[in-house]
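Novice: Need coordinates for the following:
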Amino acid sequence: MMRLLLALLLFNYAAFAYTAPADDLQALITEHWAWFLDQEPETRSYTGDHSAADRWNDRSLAAHYERDARRARFLSELGRINTADLGSEDQLNHAMLTQLLQNKRRRHALGLDLMTLSMRVGPQQLFTIAEYSPFETEHDYRNWISRLKRLPVVLDQSRELLEEGISRDRVQPRVVMERIPGQLDKIITPNPEDSPFYQPFRTMPEAMDPSLAEELQEAGRTAIRNLVVPAYTDFKDFFVSSYLPASRQRPGIGSLPEGKELYQFLAKTFTTTSLSPQEIHEIGQREVARILLEMEEVKTQVGFEGDLHAFNEFLRHSPQFYYETPEALLEGYQAVSKRIDPQLVNLFGTLPRMPYGVRQIPAEIAPDTTTAYYMEPAANGSRAGYFYVNLYRPEVRPKYEMEVLSVHEAVPGHHLQIALGMEIDTLPMFRKLSSVTAFVEGWGLYSERLGYQLGLYKDPYSRYGQLTYDMWRAVRLVVDTGIHYYGWSRQRAIDYFMAHAGKTKQDIVNEIDRYIGWPGQALAYKIGQMKMLELRERAQQTLGERFDIRAFHDELLGVGAIPLDALERRMDAWLARQG
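Specialist: Numbers count the residues shown, from 1 in each chain. Okay, the predicted model is just below:
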């Protein structure tokens, strides 16, 4: 009898203690997201959560090791969940969170976290967080002043990481690092009001009491004068005297110890495929050859006499293809966007509710920044998405690129895809904000082809602009693998780019330096686009006249950004359901 009672008690306890695998996963996802946000005050600001807007991320070496240990524990807990008992969406959530944590741990183990400084990322870019921070109340300004006061600690932590990178032979290439002192000089200003960190104080809220506004402005000036400028001066002294001399001479990451292993990991991470650098290089060469034939057709169509190199030079230097002022260039981009928006209903059944706008890239970073970029909307809907365009030197920003660039960065490219993902209520936040580069940038490049169905590229030069952008991403496969795997020089990469794409030299040099400082990322665009085109072609061939482009796109974008192998499984399942 006692044995029976004991058995019943144990059974009842087990039944009470049991939780479904889906519940365990949801609890773990929630716990991970709360931990992540606690570690990332800057990301919280970016998402529209300003509850930690007085703090910066902890960049210390100790914090990196603590985060790695916590990720190991999360992975252990994920490993105890029986994925066979999960539904398909939860299986995808489990797989994506696992992959995210594994990649973060691998980056840490390989020392890649010690090499995040580039001309686009680092302490010299921290002032840009003001772009997505509110400045409407006294509290908002007090938060910013607190951040200013804490900058010396951030710079000390950044220095600590760079010093560790020197000791472990994980350093960035000198050719890119030589740009950093000039960027720092824009922050080290004698007059605090000239500092980019002072930008929020230049226009105070109209409703604010003038005496309070002046008090806050003075607090900002004092923090910049007494704390920010001295801290950046010390950081620059260290950078010029210690880090710059230690930076590597060869541009490719493959020149570092275990460098090819580093690059293979990055290529796999960014493309979400098992393609080798050699295979990617060959794919790029084939795409370059294919696109060249189409470019020749346009050259013939416009009646240009001369080879393609001469045609590209003609495009680079003819004033007819360029605006004279930054203001005219910005207005041109805004006009293109207005023409695209009404046509989207022909290609999509579901459109995002979140709006977007067109803005100029801040002047302080424009000279060292790419042609354009997109800033996604706040996850809580408090901030629209923005398509940022580079107005620096309008004489090198061709008109024939404006349509294709707008399609990629705004709609139906990044804004449409990312905003739709943000609006999926059932999607966990880590997936809404996770950067599956092959999907996100693959979609952006895929969208460029949709311009033809949106009534764009009617002018042959605009069509050439679309081909130039497709060529640009094909060239990336060749030069990125060339630099980082095959050991190409920077000049060889520039020459290859110049020979095959009609972009200006200013853009090409900035692009090559971007690839040098960000190995592998440039591979994602063309690899992602080619997979999406393959899936569309498969659906068209299978369904014939029953193929509905709107339904195809809605399914493709229906669960946010996912790895390419998961995307293929999803689209094949959708195709099978079509009968």
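Novice: can you tell me which helix in the protein is longest?
Specialist: Longest helix in the chain, counting residues (DSSP state H): helix 138-167.
Novice: Show me which positions of that one end up buried.
Specialist: 140-141, 143-145, 147-152, 154-155, 157-163, 165-166 (16 or more other C-beta atoms under 10 Å). Bear in mind the C-beta positions are built from the backbone N, C-alpha and C, glycine included.
Novice: His408: which element?
Specialist: If you go by DSSP states H and E, His408 is part of helix 402-409.
Novice: List the contacts of the helix or strand just after that helix.
Specialist: Counting by DSSP H and E, the next helix or strand C-terminal to helix 402-409 is helix 414-422. Outside helix 414-422, the residues that touch it by C-beta atoms under 8 Å, 6 or more residues apart in numbering are 344, 348, 350-354, 356, 374, 376-377, 379, 385, 387, 408-410, 427, 431-432, 440, 443-444, 447, 557, 560-561.
Novice: surely Ile280 meets Ile527?
Specialist: Yes: the criterion here is C-beta atoms under 8 Å, and Ile280 meets it with Ile527 at 7.1 Å.
Novice: can you give me phi and psi for the nearest residue to Tyr486 once chain neighbours are set aside?
Specialist: Using C-beta to C-beta, 6 or more residues apart in numbering and skipping the chain neighbours, the partner closest in space to Tyr486 is His281 (7.3 Å). Here is the backbone geometry of His281 (degrees, to the nearest 10): phi -60, psi -50.
Novice: what about His281, how many neighbours?
Specialist: Residues within reach of His281, counting by other C-beta atoms under 10 Å, total 19.
Novice: What of Ala62?
Specialist: The burial count assigned to Ala62 is 10, neighbours taken as other C-beta under 10 Å.
Novice: ditto for Gly306
Specialist: Neighbours of Gly306 under the rule other C-beta under 10 Å: 11.
Novice: Check Arg538 too.
Specialist: Applying other C-beta under 10 Å, we find 14 residues neighbouring Arg538.
Novice: do the same with Gly455
Specialist: Residues lying near Gly455 (other C-beta under 10 Å) number 13.
Novice: And Ser241, by the same measure?
Specialist: Residues lying near Ser241 (other C-beta under 10 Å) number 9.
Novice: Please report how far it lies from Val229.
Specialist: Going from Ser241 to Val229 by C-beta to C-beta, to the nearest Å gives 18 Å.
Novice: cool, and Arg353?
Specialist: In terms of C-beta to C-beta, Arg353 sits 43 Å off from Val229.
Novice: Compare those two and say which is more crowded by neighbours.
Specialist: Shown here are Arg353 and Val229; by other C-beta under 10 Å, Val229 has more neighbours (20 against 10).
Novice: ok, back up a step: next one: the longest helix of the chain to chain centre, how far?
Specialist: Relative to its chain's centre, helix 138-167 lies at 22 Å (C-alpha atoms, centre = their mean, to the nearest Å).
Novice: after it, next one along is what?
Specialist: Per DSSP H and E, the first helix or strand lying C-terminal to helix 138-167 is helix 174-177.
Novice: List the buried residues in that following helix.
Specialist: Buried, per 16+ other C-beta under 10 Å, within helix 174-177: 174-177.
Novice: ok, back up a step: so for Ile280 and Ile527, which sits in the more crowded spot?
Specialist: Ranked by neighbour count (other C-beta under 10 Å), Ile280 and Ile527 place Ile527 first, with 26 against 23.
Novice: how about the nearest residue to the more buried one, chain neighbours excluded?
Specialist: Thr271 (4.5 Å).
Novice: quick one, phi/psi of that neighbour?
Specialist: Dihedral pair for Thr271: phi -90, psi -10, per degrees, to the nearest 10.
Novice: ok, Glu178 touching Leu244?
Specialist: Yes: with contact defined as C-beta under 8 Å, Glu178 reaches Leu244; the gap is 7.2 Å.
Novice: neighbour-wise, which of the two wins?
Specialist: Set side by side, Glu178 and Leu244 show more neighbours around Leu244, with 16 against 13, by other C-beta under 10 Å.
Novice: for the more buried one, what are its contacts?
Specialist: Applying C-beta under 8 Å, 6+ apart, we find Leu244 in contact with 174, 177-178, 180-181.
Novice: how long is stretch 499-507 from one end to the other?
Specialist: Terminal residues of stretch 499-507 lie 14 Å apart, using C-alpha to C-alpha, to the nearest Å.
Novice: Pull out the buried positions in that stretch.
Specialist: Within stretch 499-507, the residues scored as buried using 16+ other C-beta under 10 Å are 500-504, 506-507.
Novice: Good, we can wrap up now.
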